[in-house]
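# Let me see the structure of the following:
(one chain, ligands or ions: 1)
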Amino acid sequence: MKEEFLTHVKDMAGEFLELVENSSAPVKIIGNLDTDGITSTSILCKAFARKGIPYSTAIVKQVNSELIESLQNETFEILVFADLATAFIQELAETIDKPIFVLDHHFPETNEKRVGKLRQINPHFFSIDGQKEISAAGISYFFAKSISESNSDLAYLALVGAIGDMQENMGFIGMNKLILDDAIAKDMVEMRETLRIFGIQTKPIHKVLEYSTNPYIPGVTGNERSAIKFIEDAGIDVYDKARNFKKLVSLSKEELEKLVNAIEIKKTPGTGMDILVGPVFLLKNEEDDSFRKDLREFSTLLNSCGRMGSPSLGVGVCLDDPYSCKKAYDILRRYRKEIIDALNWFYNNRRSEKIIEKNGYVVILAESNIRDTIIGTLASLLAKSNVYPEETIILSSSYCLDGMIKLSLRASGNKTDVDLRAIVKDIIADGPGYGGGHKLAAGASIPQDREDSFIRNALASLDKYTSGSPKA
Ligand SMILES: [Mn+2]
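Numbers count the residues shown, from 1 in each chain. So this is what the prediction gives:
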């Protein structure tokens, strides 16, 4: 069904160009506040600019009735949504009487490609799995390529978006694989089989091991000296000939093998990365020490821009703006610091009433101590670490500035007997609030004035799905 999907995208791009020709206002692009949304927006910006189409962008956390109302009052004549809006198709089509293009890969609620003047471009209509095979950045890429073949040099951005949505798993499949082929054919991206630990392409090896949480290496993660000793014990000189700390590029094949074996023996099983060696994807024209060199680091950089409230810097990074790149690195550093602060807050409050630990689950009530866009990352980190036994459900919550409480649910290890969405449903059952997600990662928002009933519902629901006995 790939061909049918691509034909559909082409038709839609054709209709878009025709509408643009008869419009006197800029096109409005509304993108989602994550790596996939930022790369989608950037791809569209670049394609529109090259074609001389005026545009304006907005990056938002979510679509809701207020956003729809405010868009209705703006003077834009054509709207393009990227990586969001699928859950609001009816409301959008009914409220805004203008051409709307929704480029999204979330599971569609209606089966119609057209609802009034709204058009949906969604791979699920063509039996393509939008969770694994293509992200919104990929859809935006094919849309851009339909506008002009010259936009095929943007393929790498689509891969960065797919990585942001966890669609890279020892390589790419489906439509993403086609995009990778384009990026390699354009000589923009190179694939190497090597150690996949995060940061290994750009930082000295001992630093990479010190900061590695995936995998977690007991006695090495978090300790620079032990990391250096660990490398030496593996029979590898930590310095290169120029007496600089060695990076991955300066390891011989034998040394790389020694390093992989040493990590293999020492790492905690089940902490995320089971296979250490696999494909990594590198931007050919980027300096070795650049955060944009390894597409996974590029993805993290954009994610941090979004979560720290500066998504437009992320767009600037994708559009090669030097000022944005410099500022984004500062943001990435601050983001890492906030995550470490969040972890420290967690460890310092484990014995307080803010963290409720039972057998089978833990509830973290961070209130205003952790940013709402960081709380999910904390839950994911705890789920991947060995702080709690396998199969522990981790519910974390923090206050948002808009009067809501944001909740994130994760399960450590491979908990498969509980669908986390069921717990979300229980929590929001008796009042205002909304939520959803996947079986293994779910979230919700509820008003702060309902905090007491949220905690009651959450504990009751978690007790139901786990043993729930007080922790010994
Ligand atoms: Mn997405």
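# rest of the way, CA atoms for contacts and neighbours
Fine.
# which residues of the stretch 1-150 of the chain fall in helices?
Along the stretch 1-150 of the chain, the segments classed as helices by DSSP state H, counting those that start in this stretch run 2-21, 35-51, 65-72, 89-95, 136-147.
# What segments of the protein are strands?
Using DSSP state E, the strands found in the chain span residues 27-32, 55-60, 78-82, 100-103, 114-115, 118-121, 189-195, 277-283, 355-358, 361-365, 393-399, 404-411, 434-437, 441-447.
# Present those as a markdown table; the columns should include mean pLDDT and distance to Glu133.
Below are the strands of the chain laid out as a markdown table (pLDDT from 0 to 100; distance: least, Cα to Cα, whole Å):
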| stretch | mean pLDDT | distance to Glu133 |
| --- | --- | --- |
| strand 27-32 | 97 | 19 |
| strand 55-60 | 96 | 24 |
| strand 78-82 | 98 | 17 |
| strand 100-103 | 98 | 15 |
| strand 114-115 | 96 | 23 |
| strand 118-121 | 97 | 15 |
| strand 189-195 | 91 | 18 |
| strand 277-283 | 93 | 17 |
| strand 355-358 | 95 | 38 |
| strand 361-365 | 96 | 32 |
| strand 393-399 | 95 | 28 |
| strand 404-411 | 92 | 23 |
| strand 434-437 | 74 | 18 |
| strand 441-447 | 88 | 19 |
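# Format the ones you listed as a markdown table; extra columns: mean neighbour count and distance to the ion.
Shown next, in a markdown table, are those (neighbours: other Cα atoms under 10 Å; distance: least, Cα to the ion, whole Å):
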| stretch | mean neighbour count | distance to the ion |
| --- | --- | --- |
| strand 27-32 | 24 | 8 |
| strand 55-60 | 17 | 13 |
| strand 78-82 | 24 | 8 |
| strand 100-103 | 24 | 10 |
| strand 114-115 | 16 | 21 |
| strand 118-121 | 23 | 13 |
| strand 189-195 | 17 | 22 |
| strand 277-283 | 20 | 20 |
| strand 355-358 | 19 | 31 |
| strand 361-365 | 22 | 27 |
| strand 393-399 | 26 | 22 |
| strand 404-411 | 25 | 18 |
| strand 434-437 | 16 | 12 |
| strand 441-447 | 21 | 15 |
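# List just the one of those that sits closest to Ser380.
strand 404-411 (6.4 Å; Cα to Cα).
# Which strands or helices does that closest one pack on?
For strand 404-411, the packing partners by 3 or more Cα pairs under 8 Å, 6 or more residues apart in numbering; DSSP states H and E come out as helix 375-384, strand 393-399, strand 441-447.
# CA atoms only for the last one, dumped as PDB, please.
It stands for strand 441-447. Extracted in PDB, the C-alpha atoms of strand 441-447 (Å, rounded to 0.1, in the frame of the first residue of the first chain):
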ATOM      1  CA  ALA A 441       3.100   4.600  28.500                       C
ATOM      2  CA  ALA A 442       0.100   6.600  29.300                       C
ATOM      3  CA  GLY A 443      -0.700  10.000  30.600                       C
ATOM      4  CA  ALA A 444      -3.600  12.300  31.700                       C
ATOM      5  CA  SER A 445      -4.400  15.900  32.700                       C
ATOM      6  CA  ILE A 446      -6.800  16.700  35.500                       C
ATOM      7  CA  PRO A 447      -7.700  19.900  37.200                       C
END
